[in-house]
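Colleague: could you look at this predicted model? Sequence included:
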Amino acid sequence: MNKILPNISSATDSSATIKRRVRTLIDRLAERHELTRDEYLYVLDHITVDDTAHLFQRAYEAKQPHYQNRVFLRGLIEISNHCVRGCRYCGINRNNRSLQRYRLQPDEILDCVERGYALGYRTFVLQGGEDPYFTDDRLTGLIRSIKTIHPDTRITLSLGERSKDSYQRLKDAGADRYLLRHETASRRLYEHLHPNDSNFDERIRCLYDLKELGYQVGAGFMVGSPTQTNADLVEDLMFLKDLDPHMIGIGPYLCHEDTELAGNDSGTLIATLILLALVRLVCPKAMLPATTALGTLDKLGRENALMVGANVMMPNLSPEANKALYEIYQNKIRAKDTDQYDRDDTKRRIEAFHHIADFSAGDHVDIERMIRHD
Ligand code: 5AD
């Protein structure tokens, strides 16, 4: 049966015994950072709106010892919307013929970095579809240029699946971090969402390779994708515990009408916040972005995310003309004005919810400790 948090709309029909068990399990997770499969499933199947305040409070507390109320800012540069993949949910998948494609040239990317650096950002995320134009040679040249001009920055790549050898070269050139959402840790759901030329084992292999190579690694998944069940979400929690990534991107699935999955329901704010909070308890030291997808779903989606454990935001530094074309889902929110306005507005929003905007390179606590002791 397709259950995605079925009780979440009604806080009334949960007996006192069920409620007590849900709270006990949330407390256990907050203390031990793991539960069994059955226990996770029990929480997801029985949690009500009533219990979320408790879960959210525990998740908010869990980030305090490691990051307090700091929110790390990353400058996002969307370098290409060309993609060789056919992911059924994604608006920039290769089969979407109605999308105008672009790729930034190295000098345009360096311009974005310059603008971002002047605005105070010290981490740059180079994100794109899987575009064969971005060979190892092109990327290593680019990474070296950025690191030569600005050795005090961190470079995060988010360019999909590549060979271990390629990841190694990019790392040697100076890349520090790599984001590659696992999308779902359920083989069944993975195969439902991806065509035959994508392979679940291959995706998971990439993540373990990246970790072995010494990257700060980001995994992540969508909440509410078509046919996703609570049991599928339990697999995500189990998988994250095992991989123990440095970063975890969680956002709602947002239906895109120019994809094969047109007509499906999108994920909900409450389901996404619950998963975000649970993930904060499973991986208390992870960097958790308040995602743009959540901000697109709800005006205060990202602010809500900060209150349940998120601690990263990623303002978009792509050239104005390209922002609209990086349409992985529709109606993606965009800053209305300049990048400077976007920065100041993001800072204001963070402060309005009693957090502090942190423009430092912002490494994961364990990495930071290692660097300090070198
Ligand atoms: N809705 C929400 N998130 C999406 N992504 C791709 N398409 C969608 C969509 N329709 C997410 C995937 C991918 C990241 C770049 O964006 O998780 O990894």
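Modeller: The structure has been received and is ready for your questions. Every value quoted in this text rests on a predicted model; they were computed, and no experiment measured them.
Colleague: just the buried residues of stretch 331-349, please?
Modeller: 332, 335, 339, 342-343, 346-347, 349 (16 or more other Cβ atoms under 10 Å). Every residue, glycine included, has its C-beta placed from N, CA and C.
Colleague: nearest to the ligand, of these?
Modeller: Comparing the buried residues of stretch 331-349 against the ligand with Cβ to the nearest ligand atom picks out Lys332 as the nearest, at 9.4 Å.
Colleague: so what's that closest one closest to, chain neighbours aside?
Modeller: Leaving aside its chain neighbours, Lys332 sits nearest to Thr296 (5.5 Å; criterion: Cβ to Cβ, 6 or more residues apart in numbering).
Colleague: before we move on, what about Gly362?
Modeller: Phe72 (3.6 Å).
Colleague: nearest residue to the middle of the chain?
Modeller: Note on the chain: the residue nearest the mean C-alpha position is Gly249, at 1.7 Å, using Cα atoms, centre = their mean.
Colleague: hang on, that one in a helix?
Modeller: No - assigned with DSSP: H, G, I helix; E, B strand; the rest coil, Gly249 falls outside any helix and is strand.
Colleague: hmm, it is touching Arg181, no?
Modeller: Yes - with contacts counted by Cβ atoms under 8 Å, Gly249 reaches Arg181, the gap being 5.6 Å.
Colleague: show me the contacts for whichever residue of the stretch 101-250 of the chain sits closest to the ligand.
Modeller: Closest contact between the stretch 101-250 of the chain and the ligand, by Cβ to the nearest ligand atom, is at Arg181 (3.8 Å). Neighbouring residues of Arg181 by Cβ atoms under 8 Å, 6 or more residues apart in numbering: 218-222, 249.
Colleague: repeat that for 6 Å
Modeller: 220, 249 (Cβ atoms under 6 Å, 6 or more residues apart in numbering).
Colleague: that's a helix at the residue nearest to Gly362, yeah?
Modeller: No - according to three-state DSSP, Phe72 belongs to no helix; its state is strand.
Colleague: in this structure, where's the longest helix?
Modeller: helix 49-67 (DSSP state H).
Colleague: and the contacts of that helix?
Modeller: 11, 22-23, 26, 30, 277, 280-281, 284-285, 308-309, 311, 365.
Colleague: and that helix, how far out from the chain middle?
Modeller: In terms of Cα atoms, centre = their mean, to the nearest Å, the centre of helix 49-67 is set 19 Å apart from its chain centre.
Colleague: cool, and stretch 94-113?
Modeller: How far stretch 94-113 lies from its chain's middle: 21 Å, per Cα atoms, centre = their mean.
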